[in-house]
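A.B. asks: my questions concern the predicted model and sequence given below.
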Amino acid sequence: MKSKEQITIPDHTGKRETRLLAFVWNCGFFSRDVSDEKIIEMWRKSPARSLDDPEDETFYDVECLTPDELAGRINDESFAHTEDYVRFINVSPDLLYPDRK
């Protein structure tokens, strides 16, 4: 799993590229119909408590994986019995790190 500081987006000839990343979170953290921006916001803030259940005292994380990392997890059967949602998002540095210029 990449840390929040390790994710980089290549910059070629002054043009920023986007990168497809998989964001993975437990279904107890928040629903699957939130915006991409909310998922990235919660990735930055995690670990955090459930957005949907104020009684839930569990701390949840949003993971950010490359497609290959997610495929490895699925192929190793360590994903089959989890209660996780997955969203693939094409991200740019501005979306991941809005405070950086």
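C.D. replies: That came through fine.
A.B. asks: specify the beta-bridge partners of the residue nearest the centre of the chain.
C.D. replies: Centroid-nearest residue in the chain, with Cα atoms, centre = their mean: F23, separated by 2.8 Å. With beta bridges defined as DSSP bridges, F23 has these partners: C64, R87.
A.B. asks: check R19 too.
C.D. replies: V91.
A.B. asks: quick one on the thing from earlier: pLDDT score for the residue nearest to the centre of the chain?
C.D. replies: Per-residue pLDDT puts F23 at 96.
A.B. asks: what residues are up against it?
C.D. replies: 39-40, 43, 62-65, 86-89 (Cβ atoms under 8 Å, 6 or more residues apart in numbering). Yep, even glycine has a C-beta here, placed from its N, CA and C like the rest.
A.B. asks: in this protein, which spans are helices?
C.D. replies: Assigned by DSSP state H, the helices in the chain fall at 36-45, 67-75, 93-96.
A.B. asks: what's the spacing between Y60 and V86?
C.D. replies: Taking Cβ to Cβ, to the nearest Å as the measure, Y60 falls 15 Å from V86.
A.B. asks: which of those two has more neighbours?
C.D. replies: Y60 (18 against 15; other Cβ atoms under 10 Å).
A.B. asks: ok, now how distant is that one from L51?
C.D. replies: 9 Å.
A.B. asks: list residues touching both of those two?
C.D. replies: What both Y60 and L51 touch, as defined by Cβ under 8 Å, 6+ apart, is the set F29.
A.B. asks: burial of A71, as a residue count?
C.D. replies: 13.
A.B. asks: and the contacts of F23, which of them are buried?
C.D. replies: For the contacts of F23, a burial check counting by 16 or more other Cβ atoms under 10 Å picks out 39-40, 43, 62-65, 87, 89.
A.B. asks: any chance of those residues in CSV, with distance to T18 and pLDDT too?
C.D. replies: Below are these laid out as CSV (distance: Cβ to Cβ, whole Å; pLDDT from 0 to 100):
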residue, distance to T18, pLDDT
I39, 15, 94
I40, 13, 93
W43, 16, 95
V62, 19, 96
E63, 19, 94
C64, 14, 94
L65, 16, 93
R87, 15, 96
I89, 9, 94
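A.B. asks: fine, thanks again, bye for now.
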